[in-house]
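Visitor: Need a 3D model of the sequence below.
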Amino acid sequence: MRPRVLVARLDSLGDVLLAGPAVRAVAERADVVMLCGPRGEPAARLLPGVSEVVVWDAPWISDPAPAVDEDHLGALVSRVRAARVSEAVILTSFHQSPLPLAMLLRVAGVSRISGASVDYPGSLLDVRLRPGEDLPEDIPEPERALAIAEAAGFPRSDDGRLRVGPLPDVSELTGRDPYVVLHPGAAVPARQWPVEGFARAARLLASRGRRILLTGGPGERALTGLIAREEPTAVDLAGGCTLPQLAGVLAGASAVVVGNTGPAHLAAAVGTPVVSLFSPVVPAVRWRPYGVPHRLLGDQNAPCRGTRARVCPVPGHPCLAGVSAESVVAAVLELEAGRRDEEATDTRGARR
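Guide: Numbering: from 1, shown residues only. Below you'll find the predicted structure:
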């Protein structure tokens, strides 16, 4: 009988997607119970290798945070006990501690727990990586997660790229002709390129014969509506896709234009090139699109660098406001050309 291992990533949709390679590594040797927060749940259900999903809103992660009380903490303990896991692998980013969760997992009876911790873990961790010593900090998030999983005894077994699936047929949403996706929204305002830039990029791409699809959540319809009014040929899908459908839409695109937010990682997980409008409030080396061709735009040395700010702390939003629509279009065309060259090379190789 295969062991049952809890893999925890309590953050947002994009963070859970970045944990995918580590999840697959654990799934090679165990049944994976994925512990995630409410924002990450849809992504967890798309990850190959996940057998069960447990959702819990961590008071040290969410904003706004739930109250810390006996009922809320007890709910997690009960769910973990019911999941019958023998051990846990806690995946965290460089600025996070695994120790609050490790304490609750100990109370739930988990006998072996692995994680990366700067702080002395006492009896909370059985396997501890020391960031900056055992674990380099300036590495992509998927590689950090893989390193934690490997230390726990689950080495990588594949190429380590992001993956989701299976994907639904979305041809009724997208049509049959080629298209470029523009995703103007972001999880927080500090990571959002001005909507005027997206509108101009849509017009320029349409003038070059590209069909434009606009994507976003229900709360982003105002953004996509502004762009659609500026470029009436654009197809507005905001609020009209489930996450699996969005993955299918992104998979069919020749390129995706998006900020450093969850759909950028979803595009990478389906293998689509990304024009990344990246605000340096978090380090690009850790959170840029992983494993796919991409172009990183935005001033990575802007004063907001490394602040993890949710709202831009610098007047004028200079890290992204200085990105021109022309440079975005040029990046799209460059990625499209690279993809055509790659496909032509693959075709020649298959013929030989």
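Visitor: longest helix of this structure?
Guide: For the chain, the longest helix by residue count, based on DSSP state H, is helix 325-351.
Visitor: In that helix, which residues are buried?
Guide: For helix 325-351, a neighbour-count test (16 or more other CB atoms under 10 Å) marks 325, 328-329, 331-333, 335-336, 339 as buried. Yep, even glycine has a C-beta here, placed from its N, CA and C like the rest.
Visitor: Show me where the protein dips below the pLDDT cut-off.
Guide: In the predicted model, the chain carries pLDDT under 70 at residues 344-352.
Visitor: Show me where it has its strands.
Guide: 4-9, 31-36, 50-55, 87-90, 112-116, 127-129, 180-183, 212-214, 235-236, 256-259, 274-277, 294-297 (DSSP state E).
Visitor: helices or strands next to the longest helix of the chain in the packing?
Guide: When contacts are defined as 3 or more CB pairs under 8 Å, 6 or more residues apart in numbering; DSSP states H and E, helix 325-351 packs onto helix 195-207, strand 274-277, strand 294-297.
Visitor: Now do stretch 287-294: distance from first to last residue.
Guide: Using CA to CA, to the nearest Å, one end of stretch 287-294 lies 12 Å from the other.
Visitor: roughly how far is that stretch from the heart of the chain?
Guide: On the basis of CA atoms, centre = their mean, to the nearest Å, stretch 287-294 sits 11 Å off its chain's mean C-alpha point.
Visitor: who's in contact with V68?
Guide: Going by CB atoms under 8 Å, 6 or more residues apart in numbering, V68 touches P59.
Visitor: typo on my end, V249
Guide: Contact analysis of V249 by CB under 8 Å, 6+ apart lists 170, 173-174, 181, 213, 215, 237, 241.
Visitor: May I ask which of these has the most neighbours?
Guide: Neighbour tally across the contacts of V249 (other CB atoms under 10 Å): the maximum, 28 neighbours, falls on T215.
Visitor: is it true that that residue touches V235?
Guide: No - using CB atoms under 8 Å, T215 is not in contact with V235, being 9.6 Å away.
Visitor: where exactly do the helices run in the stretch 151-300 of the chain?
Guide: Secondary structure of the stretch 151-300 of the chain, counting by DSSP state H, counting those that start in this stretch: helices at 171-174, 195-207, 221-230, 243-251, 262-269, 284-287.
Visitor: Among the ones you listed, show me which one is buried the most.
Guide: Comparing the helices of the stretch 151-300 of the chain by mean neighbour count (mean count of other CB atoms under 10 Å), helix 262-269 ranks first with a mean of 29.
Visitor: Okay, angle between that helix and helix 243-251 too, please.
Guide: 60 degrees (axes from the mean of the first three to the mean of the last three CA atoms, to 10 degrees).
Visitor: Which other helices and strands does helix 262-269 contact?
Guide: Contacts defined by 3+ CB pairs under 8 Å, 6+ apart place helix 262-269 against helix 13-18, strand 180-183, helix 243-251, strand 256-259, strand 274-277.
Visitor: just the CA coordinates of the first one, formatted as CSV?
Guide: What follows is helix 13-18, C-alpha atoms only, in CSV (Å, rounded to 0.1, in the frame of the first residue of the first chain):
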residue,chain,number,x,y,z
LEU,A,13,-3.1,30.1,-7.6
GLY,A,14,0.2,30.9,-9.1
ASP,A,15,2.2,29.6,-6.1
VAL,A,16,0.3,26.3,-6.2
LEU,A,17,1.0,25.9,-10.0
LEU,A,18,4.7,26.5,-9.3
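Visitor: quick thing: my sequence starts at 565, can you match it?
Guide: Sure, I'll start counting at 565 from here, so that last one is helix 577-582.
Visitor: any residues touching it, and which ones?
Guide: Residues contacting helix 577-582 (CB under 8 Å, 6+ apart): 573, 598, 600, 603-604, 606-608, 610-611, 657, 704-706, 709, 726, 728, 751, 807, 825-826, 828-830, 832-833, 851, 854.
Visitor: tally of neighbours for the nearest residue to P662 once chain neighbours are set aside?
Guide: Nearest residue to P662, sequence neighbours excluded (CB to CB, 6 or more residues apart in numbering): G679, at 3.3 Å. Residues contacting G679 under the criterion other CB under 10 Å number 27.
Visitor: For S675, find the nearest of the helices and strands packed on helix 826-833.
Guide: helix 577-582 (25.0 Å; CB to CB).
Visitor: Just checking the distance from the closest one to the centre of its chain.
Guide: 3 Å.
Visitor: rewinding a little: can you redo the helices and strands packed on helix 826-833 as JSON lines with distance to E697?
Guide: Below are these laid out as JSON lines (distance: least, CB to CB, whole Å):
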{"stretch": "helix 577-582", "distance to E697": "22"}
{"stretch": "strand 744-747", "distance to E697": "38"}
{"stretch": "helix 807-815", "distance to E697": "37"}
{"stretch": "strand 820-823", "distance to E697": "33"}
{"stretch": "strand 838-841", "distance to E697": "30"}
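Visitor: of those, which approaches P623 most closely?
Guide: It is, among these and with distance given as CB to CB, helix 577-582, at 17.0 Å.
Visitor: just to revisit the earlier point, reformat the buried residues of helix 889-915 into TSV and put distance to A786 next to each item.
Guide: Listed next are these as TSV, based on distance: CB to CB, whole Å:
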residue	distance to A786
A889	20
V892	21
V893	24
A895	26
V896	24
L897	29
L899	28
E900	29
R903	32
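Visitor: domain ranges for the protein?
Guide: What automatic domain parsing lists as the domains of the chain is 568-715, 736-915.
Visitor: Go through those domains and name the closest to D722.
Guide: domain 568-715 (6.4 Å).
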